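# have a look at this fold, sequence not included:
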């Protein structure tokens, strides 16, 4: 049966996409996932404020399919050139139509396996996007070889069934890390991904600085600044470690080595890692993104324009990321705590106020609506849950 295409708007991009992608995007000859639109929009906004860090603005949209991500980047940012790479001839046909539909004059198309493209290319790039179906690890080393001295890797992973603790062996094999399935397993997954990127960069003497990192739906995203400098590479490896988790009392620890027993109840710790234990955001970049969106929304209000739900949602999302960055790894899920210790679930704001009265800071998280990051320990969290002083 012939695939029927429709035209959709995604940000400033206009795209021909398979009509059935909105009901089943995974069994079509040309791939387009509308659920990843939020991820693409956040990434495009981040790219706007990443460009001043770079020497130029040559971008690779690897595994581009019909070009949704690269076209959005080109329409919303001033880019010198965008290379669209995909080995699927059916996707390339639609990609070329989308490039023409959007009037892009700075697009280059390569119908080629992505690793072969990197190996065969004589050019080095400022910004490399890798958004595969599954794990991105198979493309990292060749991509890093084609970065400029200062460049950005923008990496998406959709193999969360493995990374979030469902399948330990594939995660060990692909990421050289052990996951844990628990209430904050998606944060662990994101930290495993960044840790893997940092270690792969260090092999080629690149330092790694996370710029924007997040979880959304069935994917995790990490945009990292890479600079070829052996001292920075060594410094990045200092941010690699482990997260220990106690199933009995829900205590957790972060360390550069594996700790055997829980210091709260003496039960044996589970552990996740190796993974990234440092900051996952560049706060200044997120503040610029926040300001940009606030100005955009204010202008729309003044002009009585339509406030797009996606703009408001992205702004709220970025505020979560900014707040989270003041805290270390892991968070508490209030529902998990309540079930574990037979407690009544109070309002999140009330619990945060109780923590403040104990002298601790806290914030809500983007991972789950019932999550809190805090500098309090498990005993203080239980006290806040029961409103004891």
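Ah, there it is. Computed from a predicted model, the values in this text were never measured in an experiment.
# low-confidence ranges, the stretch 251-389 of the chain, go.
Low-confidence segments of the stretch 251-389 of the chain (pLDDT under 70): 302-309, 388-389.
# all strands for it, in order.
252-255, 270-276, 332-333, 362-364, 371-374 (DSSP state E, counting those that start in this stretch).
# and the last one, what does it pack onto?
So that's strand 371-374. Other elements packing on strand 371-374 under the criterion 3 or more CB pairs under 8 Å, 6 or more residues apart in numbering; DSSP states H and E are strand 332-333, helix 348-357, strand 362-364, helix 378-386. C-beta coordinates here come from the backbone N, C-alpha and C atoms, glycine included.
# out of the strands of the stretch 251-389 of the chain, which comes closest to residue 128?
Residue 128 lies closest, by CB to CB, to one member of those: strand 270-276, at 19.2 Å.
# which parts of the closest one are buried?
For strand 270-276, a neighbour-count test (16 or more other CB atoms under 10 Å) marks 270-276 as buried.
# can you list these in a markdown table and add distance to residue 165?
Shown next, in a markdown table, are those (distance: CB to CB, whole Å):
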| residue | distance to residue 165 |
| --- | --- |
| 270 | 10 |
| 271 | 12 |
| 272 | 8 |
| 273 | 13 |
| 274 | 15 |
| 275 | 12 |
| 276 | 17 |
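# looking at these, which is nearest residue 179?
residue 272 (5.7 Å).
# spatially central residue in the chain, please.
When CA atoms, centre = their mean is applied to the chain, the residue found nearest the centroid is residue 221 (1.9 Å).
# so which elements touch the helix or strand where that one lies?
According to DSSP states H and E, residue 221 maps onto strand 219-228. Applying 3+ CB pairs under 8 Å, 6+ apart, one finds that strand 219-228 contacts helix 37-50, strand 147-157, helix 160-163, helix 185-203, strand 206-216.
# most packed of these?
Among these, ranked by average contacts under mean count of other CB atoms under 10 Å, first place goes to helix 185-203 (a mean of 24).
# can you tell me the average pLDDT over that one?
Across helix 185-203, pLDDT averages out at 98.
# okay, now the domains of this protein?
Split into domains by automatic domain parsing, the chain comes to 5-245, 283-324, 331-389.
# now the terminal residues of the longest one, how far apart.
I take that to be domain 5-245. Across domain 5-245, the terminal residues are separated by 48 Å (CA to CA, to the nearest Å).
# likewise the shortest one?
With CA to CA as the measure, the first residue of domain 283-324 is 10 Å from its last.
# what of stretch 130-140?
From its first residue to its last, stretch 130-140 covers 9 Å (CA to CA).
# ok, and what's touching it?
With contacts defined as CB atoms under 8 Å, 6 or more residues apart in numbering, stretch 130-140 is touched by 31, 36, 62-63, 69, 114-115, 118, 143, 153-159, 162, 174-175, 193, 196-197, 200.
# ok, back up a step: tell me who's in contact with the residue nearest to the centre of the chain.
Residue 221 is in contact with 39, 42-43, 154-156, 212-215, counting by CB under 8 Å, 6+ apart.
# what two of those are the furthest from one another?
Greatest spatial distance in the contacts of residue 221: 154 and 215, 15.3 Å, computed using CB to CB.
# wait, residue 278 sits on residue 239?
Yes: between residue 278 and residue 239 there is a contact under CB atoms under 8 Å: 3.4 Å.
# give the contact list for residue 141.
The contact partners of residue 141, taken as CB under 8 Å, 6+ apart, are 200, 203-204.
# pick the one among these closest to residue 253.
Residue 253 lies nearest to residue 200 out of those, by CB to CB, at 26.4 Å.
# how close does that closest one get to residue 211?
To residue 211, residue 200 is 17 Å away according to CB to CB, to the nearest Å.
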